[in-house]
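Novice: Sharing a model that was predicted from the sequence below.
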Amino acid sequence: IEVAIEGYSTGTRNADVALSWNNGTSITAPFQTTTMPTTTTASEATVILGGPANTWGRTWSSAEFANGSFAVRVEGTSGGGSTLYIDQLQVKVYYTVADTTPPTTTASPAGGTYGAAQNVTLSCSDTGGTGCANTYYCTGAACTPTTPYGGAIAISSSTDLRFYSSDNAGNNETVKTESYVIDTTAPTVVISSPASNPTGTSPIPVTFTFSKSVNGFVVGDITVGNGVAGNFAGSGNTYTADITPTTNGAVTVDVAAGVAQDGAGNVNTAATQFSITYDTANPQVTTNGVNSVPDTGDGILSEGETATVGITQLLVTFSKDMNVTAAGDEVTNVANYLLLSEGAVAGFQTASCAVVKTGTGVDPGDTQVTITSVTYNSGTFTATLDLASALPNGIYRLYACGTATLRDLAGNALGGGVDFIRNFQVQLA
């Protein structure tokens, strides 16, 4: 505490100055001025008592400087009848604000996802405070920091780093948590398509599924053999593209290693090549592709041929493998074949075998011969049509239905949607 007295003495009289913290009931030991100017011309000077480090013999609290509590008592010393003149008196109180603000600790690098082990340093700052005293840390979810920090902390696997610091005033920082994910696993990618193989669909939809979320994957990272990639979209771990084939044949799709990376910086491994056959060629019944059981003698039931055996089965051989699963269009569906016997009116009256599926029915001028079942040999592409009994003498027409519709594995219609027709006769001896 510093007291400044401005005044003068007409003789040897000085001032005794004491301070009170309870409005004069108690006082400090007085300080006495010894340098008050002596003059008769009323010249003045300022004398300083105390100072920034002088507590006047006691410890003070902030409440003791309130109005009604703090007081300054000034008394003149003996001075042979001289007079002490005080023009003004100033009091300056020096104080230190208590440090109640905790320090701040930061981790470097901060929590996040990394592709390699990290060495984490902790830095404490207590700007304007009493200074950092200690930093403590621990690793693990919800752990309590008790280990004194002494240098870089090795983080080699995914974990939480928890830490705090205290300052020299005893303030403790709230515990902080930084979460580290150490991921060294490279993302993989699988290429797939909902299209059947072979397929007649163009463009062919393709999906690229990564084992984890990646970035940096673009359409230019897709390598296509016999086609072009377009309509690219996606994010995270799933992307799609449309592959437009250039021509019939094998279409291949590849994704090389290192074209995309995960959040930890791990780059992808190469995908297993995706291959699909693009096929828009319509299946046909092969030349010499109709035969009978029993055989007519030459292995072929030719157009217009007269058979002299009681036929119980008809065999139809296709130019390519036919569909056995598509409901309604499968090669083993008896409704995809029609066998007619000519009626009283010359010539067949039924326009096409589509009538079997549409429900229109066979023309009354023709007689439908029942086909009881159909089996299929995918090795020879041959369908065997079983008849209820041997065919009697008559003129017959066999339809393999392109209109109603037999399809190959790629979904292409027999004959491009046109029925195959084979006419023959049976003339038993």
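Specialist: Sure thing, it's come through. Nothing here was measured: the structure is a model prediction, and the numbers come from that model.

Novice: I'd like to know which helix or strand in this protein has the lowest mean pLDDT.
Specialist: strand 31-32 (a mean of 72; mean pLDDT, DSSP states H and E).

Novice: Next SSE downstream of it?
Specialist: As assigned by DSSP states H and E, the chain's next helix or strand after strand 31-32 is strand 45-50.

Novice: Now find how far off-centre that following strand is within its chain.
Specialist: Chain-centre distance of strand 45-50: 75 Å, with CA atoms, centre = their mean, to the nearest Å.

Novice: So which elements touch that strand?
Specialist: Counting contacts by 3 or more CB pairs under 8 Å, 6 or more residues apart in numbering; DSSP states H and E, strand 45-50 packs against strand 2-9. C-beta coordinates here come from the backbone N, C-alpha and C atoms, glycine included.

Novice: ok now the strand it packs on, how far from the chain's centre?
Specialist: Distance, centroid of strand 2-9 to centroid of chain: 78 Å (CA atoms, centre = their mean).

Novice: Give me the helices and strands touching it, please.
Specialist: Applying 3+ CB pairs under 8 Å, 6+ apart, one finds that strand 2-9 contacts strand 15-20, strand 45-50, strand 84-92.

Novice: Would you map the helices across the stretch 301-429 of the chain?
Specialist: Here the stretch 301-429 of the chain has its helices, by DSSP state H, counting those that start in this stretch, at 354-358.

Novice: quick one: low-confidence parts of it?
Specialist: The model of the stretch 301-429 of the chain has no residue with pLDDT under 70.

Novice: Could you report the separation of the nearest residue to T146 once chain neighbours are set aside from Y149?
Specialist: Once flanking residues are discounted, T146 sits nearest to Y136: 5.9 Å by CB to CB, 6 or more residues apart in numbering. Using CB to CB, to the nearest Å, we find Y136 at a distance of 7 Å from Y149.

Novice: Now do the shared contacts for the two.
Specialist: Shared contacts of Y136 and Y149, defined by CB atoms under 8 Å, 6 or more residues apart in numbering, comprise F163.

Novice: my guess is P187 meets T209, correct?
Specialist: No - if you go by CB atoms under 8 Å, P187 and T209 don't touch, sitting 10.3 Å apart.

Novice: which residues are common contacts for these two?
Specialist: N237.

Novice: With neighbour numbers in mind, choose between these two.
Specialist: P187 (20 against 15; other CB atoms under 10 Å).

Novice: who touches the helix or strand encompassing T286?
Specialist: Under the criterion of DSSP H and E, T286 resides in strand 285-293. Here strand 285-293 makes contact (CB under 8 Å, 6+ apart) with 299-302, 307, 309, 311-319, 384, 398, 400, 414-415, 420, 422.

Novice: pretty sure A63 is in a strand, no?
Specialist: No - A63: not assigned to a strand; according to DSSP: H, G, I helix; E, B strand; the rest coil it is helix.

Novice: which ones are touching the spatially closest residue to it that is not a sequence neighbour?
Specialist: Nearest non-adjacent residue to A63, counting by CB to CB, 6+ apart: S69, 7.0 Å away. By CB under 8 Å, 6+ apart, the residues touching S69 are W21, N22, N23, A63.
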